[in-house]
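K.L.:
sequence unknown, structure follows:
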């Protein structure tokens, strides 16, 4: 079994977000980057599925040379090898196309991504890759088991769970519950230094989106605490100040 795991290089969750160039570019100064947490879940499940010589795990990232430390962490966690498409990831369409172009002749049985990246929260790449490769795409899965050529997948739906089976190649985006993120040990960290990390050129594709401006959320206002027995006062404030009723 050959599994391809798509990973994103995202700012640490404690990062203070600011913008430059008239609010059209993310300010990368002093930012600490990590493997996208949802992608770590996907990677952990891929490693579990291939343990004991059952297969191999390749990680792929679309990004520039500064992403290499993040990719090495994925190798330390347990991936066998890695590929970096040498280009700035300008949007989800661009990223998905680069992944699909790389994977189209590599005969991967399964492609996994996280449900979304924590910087843009788009949840777009997996579906786009599936469309480009003409393979089934299953979004936001909560459980993944594989038996031979058939995968059994669980998804949460309103009021219950959806269980489905997929035969043959497919791509899925993983959410919490698929696996527990793995912490690299010293042996993994040392071996990651020598594991293959191939760099390939990006394919040229048309530009379909363009950022015109980023905005930060408005600062939080003051909080008023209303005693539980003052229901009428609470309703009055919701009507006159919050204006939500």
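P.N.:
Good, I have the coordinates. Please read all numbers here as calculations on a predicted model, not as lab measurements.

K.L.:
Tell me which residue is most central in the chain.
P.N.:
The chain has residue 114 as the residue nearest its centroid, 3.5 Å off, counting by Cα atoms, centre = their mean.

K.L.:
Isn't that one up against residue 37?
P.N.:
Yes. If you go by Cβ atoms under 8 Å, residue 114 and residue 37 touch, sitting 7.2 Å apart. C-beta here means a position set from N, CA and C on the backbone, and glycine is covered the same way.

K.L.:
now the strands for this structure?
P.N.:
Read by DSSP state E, the chain holds these strands, from start to end of the chain: 2-6, 9-11, 19-20, 25-26, 33-35, 56-63, 81-86, 110-114, 137-147, 150-157, 160-167, 170-174, 197-201.

K.L.:
which helix in this structure runs the most residues?
P.N.:
As assigned by DSSP state H, the longest helix anywhere in the chain is helix 37-50.

K.L.:
Could you list which residues are in contact with residue 65?
P.N.:
residue 86 (Cβ atoms under 8 Å, 6 or more residues apart in numbering).

K.L.:
For it, give its distance to residue 87.
P.N.:
Look at residue 65 and residue 87: by Cβ to Cβ, to the nearest Å, they are 11 Å apart.

K.L.:
Could you list the low-confidence segments of the chain?
P.N.:
Low-confidence segments of the chain (pLDDT under 70): none present.

K.L.:
For residue 154, see how far away residue 2 is.
P.N.:
The spacing between residue 2 and residue 154, counted by Cβ to Cβ, is 23 Å.

K.L.:
Residue 213 too?
P.N.:
Computed as Cβ to Cβ, the residue 213 to residue 154 distance reads 40 Å.

K.L.:
Ok, residue 97 next?
P.N.:
Counting by Cβ to Cβ - residue 97 and residue 154 are separated by 29 Å.

K.L.:
which of those two has more neighbours?
P.N.:
residue 97 (23 against 17; other Cβ atoms under 10 Å).

K.L.:
which residues touch that one?
P.N.:
Counting by Cβ under 8 Å, 6+ apart, residue 97 touches 128, 132, 203, 205.

K.L.:
and with 7 Å instead?
P.N.:
Residues in contact with residue 97 (Cβ atoms under 7 Å, 6 or more residues apart in numbering) are 132, 203, 205.

K.L.:
got the contact list for residue 23?
P.N.:
Counting by Cβ under 7 Å, 6+ apart, residue 23 has contacts 213, 214, 215.

K.L.:
Relative to residue 26, how far out is the residue nearest to the second one when sequence neighbours are not counted?
P.N.:
The spatially closest residue to residue 214, leaving aside those adjacent along the chain, is residue 19, at 4.7 Å (Cβ to Cβ, 6 or more residues apart in numbering). When distances are taken as Cβ to Cβ, residue 19 and residue 26 turn out to be 6 Å apart.

K.L.:
next one: residue 75
P.N.:
For residue 75 relative to residue 26 (Cβ to Cβ), the value is 26 Å.
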